[in-house]
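**Student:** Sequence and predicted structure, then a few things I'm wondering about:
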Number of protein chains: 2
Amino acid sequence: MSEGRSEGPVAAQHTLPHVVIVGAGFGGLQAARALKHTPVRVTLVDRTNHHLFQPLLYQVATSVLSPNDIAAPTRHLLRGQKNLTVAMAEVSRIDTAQREVQGSERRLRYDYLVLATGAQGSYFGHDEWAEFAPSLKNIAGALVLRDRILKAFEFAEIQEDPSQHRDLLTFVLVGGGPTGVEMAGALASMTRATLRSEFRRIDPASARIILVDAGPRILATYAESLSRKTHAKLTRMGVEIRTGARVEHVDADGVVVSGERIPSRCVFWTAGVHASPAGVWLGAETDHAGRVKVGPDLTVPGHPEIFVVGDTACIEEHGKPLPGLAQVAMQSGHYAGRSIAQRVTGRPALPPFKYLDKGNMATVSPWFAVMESGRVKLSGFPAKVLWAFLHVLYLSGFENRLMVLLSWIWSALTNQSGARLIEDSSYEALRSARVRETATAGKARGVA
Amino acid sequence: MSEGRSEGPVAAQHTLPHVVIVGAGFGGLQAARALKHTPVRVTLVDRTNHHLFQPLLYQVATSVLSPNDIAAPTRHLLRGQKNLTVAMAEVSRIDTAQREVQGSERRLRYDYLVLATGAQGSYFGHDEWAEFAPSLKNIAGALVLRDRILKAFEFAEIQEDPSQHRDLLTFVLVGGGPTGVEMAGALASMTRATLRSEFRRIDPASARIILVDAGPRILATYAESLSRKTHAKLTRMGVEIRTGARVEHVDADGVVVSGERIPSRCVFWTAGVHASPAGVWLGAETDHAGRVKVGPDLTVPGHPEIFVVGDTACIEEHGKPLPGLAQVAMQSGHYAGRSIAQRVTGRPALPPFKYLDKGNMATVSPWFAVMESGRVKLSGFPAKVLWAFLHVLYLSGFENRLMVLLSWIWSALTNQSGARLIEDSSYEALRSARVRETATAGKARGVA
């Protein structure tokens, strides 16, 4: 059946240009919204049904928030945009000659294409580490982390051998960027406060949290003073920070960091990302992180009808690629949408894309954050208040943002977290070969 | 290693009797709480980390509530009970001669044992139907239902062939008890109100919701007047009710009901339950539903140290077994705990267990419920208010019960639901052989 027929009775619409947007993250959503009043048909394709507020994903992994606090159905967010159809489908291929996107159940012919498909964890050529050191990119991944963290404590509580307690309660975070720092802070709060008095045979506060970074300091992209304050704060919270330390190996039993083996059942990866395969789909030139090299108008060289935005794009400014931040994705997505609107309506082309850096912020504890914007630098409680305010503000369209704010306030005041749920009750992921061996030996000895 | 050593320095405790409770549902939790001030050691074993408020599980399946609204960590709920240890472990075997429970990592020797392990869906000898018609017994199961329901709409939206829309948007609920009725009502609200204006190619309100029951009326255990009112209300909401209808077959393409095939991708089972394998573990006498026959003191004949409570027990009163209700589980669990306390402290045995029926209630829509208690019968909005009040009251220990109440009020006022999240983005479960065939044929024809 042709796509034409599928659109039903509104035949007049078919003279309208068709804009296909792939990816409903920050970039795709902004591109879609920028086309709201433009005479086009928009199809927004994503393999999930939700827009994810990714900067708070670590709070799902650490049981502070529940998945649906930060994931809202894309079609709900965009229900008022009458020129737009949402399709939950997986894109497998793009035919740039025929101008077709191959989705799960049908092909979509496009006049304009916006690729905003994001990025995944990158293991610097060691993809085999992914199994043992998951990274944090979507809800399913965050729930894997949450399960492992919560199970580590549960499994330790039912073990007999104290040496296993130590391995189970050692958390290693690879990567000292904002996500690693925020995870480390959240884990410290959890083990030192939230879980206190809930276990009888282990002391959750004895858990080791090790933050590893290959560079000379954590939060390398922030001002040095903020990096130093964050380092001091995390250390006071009981986090061991190892800078200038290389991860040389990861397996089921732990990591090897600069020659030293650290036994651990919970290693998490926040060290780097690799762009989604948009570059492969297009056969376009990419940089070392797989990002598609785009021109100053965010289109692919030779394809003025194809825009690539956000983490999938290598957008150069002053000779350097822009970082993989929500702000970059939002601004570039918005630019792509507006650009298409200009062209469709015959108005002059926009000036080249220019990123407006509004600043950076990272939260460390329920009462402490750091932020910088231009020359302004803030740390501690004032930064935390601003952090919370801005994040809730940006959770726009999420009707439960009030709930999120209440959850934070309640967490900060009571040291409790609201979403400590293990969905899958198998301990399999925590049982390395060595643990299994010991358990079997124990049984053979007739343990009672 | 012996269990003795594992308890660490508190050696004096070892003279105390050890009570092992298996299952942290309503029965197990009440048994544990009843022992709070008794000089015993209590170990509460459950294969999950949470106590689940099962009566609201259908609201997770229908995206009204989020899993952690109705599931709180068991060890958090009981953190103040110093004589109690929570163990997340799977029980595989019970040795009644040695008085040992075999858990995931170790054996537990008991002086008293309380089995409160609940029940699962029963398919009347057709276990092969379970795959196509999942039932609703735990969080993981509720998320499977939620995924299927939400995906049915997403998958229909990206299909071309309207005949497939019909099959995908036909929901069949097998069983007209409270769970079937509540699911039907929630699905009607969802399709008629919540999803309206969010789809472009399908009309969610065109979804068929079919409630099938073999008996002469729905809510068979309720007063006939309430059953009639519920029938009328559901019919007005667009639910097709088929009473006196037998389900003869279930497969990937739908169900056969009294000789008629109803094509459907979403069949859910609420028709009956079978007790967990406690009876098998004990080698005890069970009834047709696998429930262990217990005496009037809730112990297993010949084993005065073993109590069986809740859905796992066949507790007879006036020659009839008590129904599988939360109230029965709570009261029998509490009784078992108190009974043990009496014996341990050398006080006289309790009189035989007597169930106090406080009444029944079921909710049909955001504004309509039915309830009966003794001779009092209520329906409509007043019953709904009472329903909400009592459920929130019983969500005791859940710090987020205020959030649950806010979610309900907000849902009722806006027709929105807060937890419409698809965690696993594969459409595999919805693709029957027939659908796959058609899709392949479509591709072969070069659909664009």
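**Tutor:** Done, it's in. Bear in mind that the values here come from a model prediction, so they are computed numbers and not experimental data. Numbers count the residues shown, from 1 in each chain, chains lettered A, B, ... in the order given.

**Student:** what packs against the one helix or strand A:Trp387 maps to?
**Tutor:** Secondary structure here is read from DSSP states H and E; on that basis A:Trp387 sits in helix A:381-394. The contact analysis (3 or more CB pairs under 8 Å, 6 or more residues apart in numbering or on different chains; DSSP states H and E) places helix A:381-394 against strand A:360-365, strand A:368-373, helix A:401-414. For glycine as for every other residue, the C-beta is placed from the backbone atoms N, C-alpha and C.

**Student:** And the average pLDDT for it is what?
**Tutor:** Mean pLDDT, helix A:381-394: 88.

**Student:** what's the angle from that helix to strand A:368-373?
**Tutor:** If you take axes from the mean of the first three to the mean of the last three CA atoms, to 10 degrees, helix A:381-394 sits at 70 degrees to strand A:368-373.

**Student:** got the contact list for helix A:381-394?
**Tutor:** Residues from elsewhere that reach helix A:381-394, judged by CB atoms under 8 Å, 6 or more residues apart in numbering or on different chains: A:53, A:55-56, A:326, A:361, A:363, A:366-371, A:378, A:401, A:404-405, A:408.

**Student:** what residue ranges in the stretch 251-400 of chain A score low on pLDDT?
**Tutor:** Within the stretch 251-400 of chain A, the segments meeting pLDDT under 70 span A:396-400.

**Student:** thinking again about what came up before, list only those of the contacts of helix A:381-394 flagged as buried.
**Tutor:** Those of the contacts of helix A:381-394 that meet the buried threshold are A:53, A:55-56, A:326, A:361, A:363, A:366, A:368-371, A:378, A:401, A:404, A:408, by 16 or more other CB atoms under 10 Å in any protein chain shown.

**Student:** Quick one: the strands in the stretch 151-300 of chain A, in order.
**Tutor:** Taking DSSP state E, counting those that start in this stretch as the criterion, the stretch 151-300 of chain A carries its strands at A:170-174, A:208-212, A:239-242, A:247-251, A:254-257, A:260-263, A:266-269, A:273-275, A:292-293, A:299-300.

**Student:** out of those strands, nearest to chain B?
**Tutor:** Counting by CB to the nearest CB, chain B lies closest to strand A:266-269 out of the strands of the stretch 151-300 of chain A; the figure is 15.9 Å.

**Student:** got the contact list for the closest one?
**Tutor:** So strand A:266-269 is in contact with A:61, A:121, A:123, A:129-130, A:132-136, A:145, A:148-149, A:152, A:168, A:170-175, A:183, A:250, A:254-255, going by CB under 8 Å, 6+ apart.

**Student:** Just the buried ones from the residues you listed, in PyMOL syntax?
**Tutor:** Burial among the contacts of strand A:266-269 is assessed by 16+ other CB under 10 Å; the matching PyMOL selection reads:
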select buried, chain A and resi 61+121+123+129+132+133+134+135+136+145+148+149+152+168+170+171+172+173+174+175+183+250+254+255
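
**Student:** Geometric centre of chain A: which residue is closest?
**Tutor:** A:Lys137 (3.8 Å; CA atoms, centre = their mean).

**Student:** How about that one: what's its closest non-neighbour residue?
**Tutor:** Excluding the flanking residues, the one nearest A:Lys137 by CB to CB, 6 or more residues apart in numbering or on different chains is A:Gln120, at 5.3 Å.

**Student:** Mind giving me the packing neighbours of the helix or strand where that neighbour lies?
**Tutor:** Here A:Gln120 is covered by strand A:119-121, with elements defined by DSSP H and E. Strand A:119-121 sits against strand A:273-275, with contacts defined as 3+ CB pairs under 8 Å, 6+ apart.

**Student:** Give me the contacts around the strand it packs on.
**Tutor:** With contact meaning CB under 8 Å, 6+ apart, strand A:273-275 is reached by A:117-122, A:135, A:137, A:286, A:289-292, A:311-313, A:324.

**Student:** Quick check: A:Thr299 touching A:Ala313?
**Tutor:** No: here A:Thr299 lies out of contact with A:Ala313, judged by CB atoms under 8 Å, at a distance of 10.1 Å.

**Student:** More neighbours: the two, which one.
**Tutor:** A:Ala313 (33 against 19; other CB atoms under 10 Å in any protein chain shown).

**Student:** separation between the more buried one and chain B?
**Tutor:** 23 Å (CB to the nearest CB, to the nearest Å).

**Student:** doesn't A:Gly272 make contact with the residue nearest to A:Lys137?
**Tutor:** No: when contacts are counted by CB under 8 Å, A:Gln120 is not listed as touching A:Gly272 (10.1 Å).

**Student:** on that earlier part again, I'd like to know how many residues surround the residue nearest to A:Lys137.
**Tutor:** When counting by other CB under 10 Å, one arrives at 18 neighbours for A:Gln120.

**Student:** contacting residues for it?
**Tutor:** Taking CB under 8 Å, 6+ apart as the contact definition, A:Gln120 lies against A:Ser135, A:Lys137, A:Val273, A:His274, A:Ser276.
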